[in-house]
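Asker: Take this sequence and fold it.
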Amino acid sequence: MTTPASPAPVPAAQVHDRHPLVPALFVLTAVSGLVDAVSYLGLGHVFTANMTGNVVVIGFALAGTDGFSITGSLTSLAAFLAGSVLAGRLAAGYGADRRAPWLRAALLAETALQAVAAAVAFACAPEGTRGYGAAPSTALIALLALAMGLRNGTVRKLGVPDLTTTVLTLTLTGLAADSSLAGGDNPRLARRLGSVLAMLAGAAPGAALVVRGHLGWALLAGAVLVGTVALGYREGGREGRAA
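Answerer: Numbers count the residues shown, from 1 in each chain. Here you go, the predicted structure:
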């Protein structure tokens, strides 16, 4: 007796707002805000999710601006690129027709990296008002940037419009350029607004935890959120198949 083949995943460009991918990517967007709050506020003004900001930070550091680290930013860039390479290899290994297990594997790897980062943060937690030392900071930056590179490479391969999970520049541009004020019809308005709000929803509590000395708890929260998405994601049923 043969088992019926599973239906092919809906092409990313046709993913409707009710598709399971959309809320999953909203949660990941919130985690990106949290991670960049941790790295920028707690690890020496370095971005680990937003590489546009990181390149600008390197420019600040090259100009001799106080408070910005070339070493930290270059570490972040290198680890991010390594994570993106890993994402490409993982996507090629699974194939686009196995989107759910591929996404789950990528997110479980990201969860593991963030969990290790949280463990490092707890183990090397500074006393009083002192920040993390050079070695723990570099390790945390590398782990988080590797995780975010893996995520970005995966989401790029997914190709769901207006849901990059880390970069909002094009999303905000679309909100304005495609708005009724500009003569447009506001396509994917809810999705675009949701992305902005999700980033804020992660960045604000992340910043609050870091400034209160709870950087490790912020990273642990991020790991739990990504792990929950990884284990809970399914594409079965009507909503998973419908555009």
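
Asker: So in the protein, where's the weakest helix or strand by average pLDDT?
Answerer: Using mean pLDDT, DSSP states H and E, helix 237-241 stands out as the lowest-scoring helix or strand of the chain, at a mean of 43.

Asker: Ramachandran coordinates for residue 185?
Answerer: Dihedral pair for residue 185: phi -120, psi 20, per degrees, to the nearest 10.

Asker: shouldn't it be in contact with residue 174?
Answerer: No: Residue 185 sits out of contact with residue 174 when judged by C-beta atoms under 8 Å, with a separation of 11.9 Å. C-beta coordinates here come from the backbone N, C-alpha and C atoms, glycine included.

Asker: between those two, who's got more neighbours?
Answerer: Legend: neighbour count by other C-beta atoms under 10 Å for residue 185 and residue 174, higher for residue 174 (19 against 8).

Asker: Sticking with the more buried one, tell me its helix or strand.
Answerer: helix 169-177 (DSSP states H and E).

Asker: On the three-state scheme, the spatially most central residue of the chain is what?
Answerer: Geometric centre of the chain, nearest residue: residue 32, 4.0 Å, by C-alpha atoms, centre = their mean. Put simply, residue 32 is helix when judged by DSSP: H, G, I helix; E, B strand; the rest coil.

Asker: per-residue confidence for it?
Answerer: Per-residue pLDDT puts residue 32 at 96.

Asker: any idea how far it is from residue 105?
Answerer: 19 Å (C-beta to C-beta, to the nearest Å).

Asker: go on, residue 187?
Answerer: Computed as C-beta to C-beta, the residue 187 to residue 105 distance reads 31 Å.

Asker: out of the two, which sits in the busier spot?
Answerer: residue 105 (17 against 12).

Asker: Who's the closest spatial neighbour of that one, skipping the chain neighbours?
Answerer: Leaving aside its chain neighbours, residue 105 sits nearest to residue 90 (6.3 Å; criterion: C-beta to C-beta, 6 or more residues apart in numbering).
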